[in-house]
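Peer 1: quick check, what structure comes out for this input:
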Amino acid sequence: MPEHLAIVLGEGTYLTMRFGENGDRINLYNMINFFAEVYYDPEINHLHHCRTYQNTGPLEVYTDQIRWPNL
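Peer 2: This is a model prediction of the structure:
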């Protein structure tokens, strides 16, 4: 997983952030051919999960927040 996080953080385009059920901050990135969510726990300062997907269904939770750059 550290390799995936490094690629997303280094090459992805940050789009927005939302809060998860457990207080995590979930950052959404565009990776050109797919999207990635990076889960961050601010209490312990730890990136602990990366979720990727190609369909737009999971984007519904971000509908009001995303400001689309020129992708």
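
Peer 1: flag the shaky bits of the protein, pLDDT-wise.
Peer 2: Across the chain, the ranges flagged by pLDDT under 70 are 1, 66-71.

Peer 1: all helices of it, in order?
Peer 2: For the chain, the helices defined by DSSP state H occupy 2-11.

Peer 1: give the buried residues for stretch 60-67.
Peer 2: Tyr62 (16 or more other CB atoms under 10 Å). Every residue, glycine included, has its C-beta placed from N, CA and C.

Peer 1: mind listing residues that contact it?
Peer 2: Outside stretch 60-67, the residues that touch it by CB atoms under 8 Å, 6 or more residues apart in numbering are 15-18, 28, 59.

Peer 1: can you redo those residues as a markdown table, where the extra columns are neighbour count?
Peer 2: Formatted as a markdown table, the contacts of stretch 60-67 follow (neighbours: other CB atoms under 10 Å):
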| residue | neighbour count |
| --- | --- |
| Leu15 | 19 |
| Thr16 | 16 |
| Met17 | 14 |
| Arg18 | 14 |
| Leu28 | 22 |
| Leu59 | 15 |
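
Peer 1: distance check, Gln54 against Glu60.
Peer 2: As judged by CB to CB, to the nearest Å, Gln54 and Glu60 stand 15 Å apart.
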